[in-house]
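Participant: Predicted coordinates and the sequence they were generated for:
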Amino acid sequence: MYICENSNLALLVGSAAASPELSHQTGQERFFRFPLRVRRLSGAEDILNVIARERLVRESDLAPGSRIRAEGEIRTFNNKSGVGPKLVVSLFARSLSPADDASDENRVELTGTLCKPPLLRQTPLGRSVCDLMLAVNRSYGRSDYLPCICWGSSAREAADWTVGTVAQLSGRFQSRNYRKLLPDGSSMEKTAYEISAMEAERIE
């Protein structure tokens with residue numbers, strides 16, 4: 001893929017995990033969302049939200065279990081309803097088509113601007129991981145603020161970046177379950193969505 005400043009390209013191939021449901025409406029246009037189950041090479045699975053225009057949904061076979069190829073971009077919006085995650089991360093599909101084979105794919109290419117200081121930490125096994133928040137502009141003036149992580153030597157390099165750094169990332173869109181501690185001492189399981197970067201490079 002050719003990458004330019006503020007690019008956002010994503011490809012997911014997997015199996016529909018449920019039927020589409022209405023997501024929201026803008027003017028007279030309706031948008032639907034459905035979860036896509038995408039296997040990793042390790043055998044683990046990510047269940048990722050896909051949003052598409054009603055026309056694309058009506059033209060596609062999105063029955064549970066159907067094999068789908070979704071191409072588009074990763075988008076975010078702030079959920080102010082108080083129900084579910086505060087930051088909703090989804091693939092906004094520009095195209096939907098039947099997948100020709102049984103191989104799952106998950107590829108994301110981003111170029112954008114670092115909008116928060118990076119956070120370097122260690123996993124329980126001692127591996128370096130760096131949390132990044134990348135702002136990627138859309139073509140009509142809005143921006144998506146995408147949570148990203150990178151690993152190992154890339155994480156240690158990214159830890160030295162500053163707000164305003166332009167970076168190019170290549171990796172996958174993933175889901176991650178974790179337990180959140182509540183004020184009363186109990187905990188609840190939640191799901192975070194992020195871009196896990198296999199490659200991360202500062203653009204001079």
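Facilitator: Received the coordinates, thanks. Numbers count the residues shown, from 1 in each chain.

Participant: Helix, strand or coil: sort out the residue sitting furthest away from the middle of the chain for me.
Facilitator: Residue farthest from the centre of the chain, counting by Cα atoms, centre = their mean, is residue 184 at 31.2 Å. Using DSSP: H, G, I helix; E, B strand; the rest coil as the criterion, the local structure at residue 184 reads coil.

Participant: Which residues are in contact with the residue nearest in space to the middle of the chain?
Facilitator: Note on the chain: the residue nearest the mean C-alpha position is residue 173, at 4.2 Å, using Cα atoms, centre = their mean. Going by Cβ atoms under 8 Å, 6 or more residues apart in numbering, residue 173 touches 10, 12, 46, 48, 74, 89, 91, 106, 108, 193-195. For glycine as for every other residue, the C-beta is placed from the backbone atoms N, C-alpha and C.

Participant: how close does residue 56 sit to residue 135?
Facilitator: Computed as Cβ to Cβ, to the nearest Å, the residue 56 to residue 135 distance reads 27 Å.

Participant: Pull the number of nearby residues for residue 42.
Facilitator: 6 (other Cβ atoms under 10 Å).

Participant: what's the answer for the one 10 residues further on, then?
Facilitator: One way to gauge burial is a neighbour count; for residue 52, by other Cβ under 10 Å, it gives 26.

Participant: Would you check that it makes contact with residue 30?
Facilitator: No - under the criterion of Cβ atoms under 8 Å, residue 52 makes no contact with residue 30, lying 10.2 Å away.

Participant: could the contacts of residue 173 be laid out in TSV, adding neighbour count, secondary structure and pLDDT?
Facilitator: Converted to TSV, the contacts of residue 173 look like this (neighbours: other Cβ atoms under 10 Å; DSSP: H, G, I helix; E, B strand; the rest coil; pLDDT from 0 to 100):
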residue	neighbour count	secondary structure	pLDDT
10	24	strand	97
12	26	strand	97
46	22	strand	96
48	25	strand	96
74	25	strand	97
89	21	strand	93
91	25	strand	97
106	22	strand	97
108	25	strand	97
193	22	strand	92
194	20	strand	95
195	24	strand	97
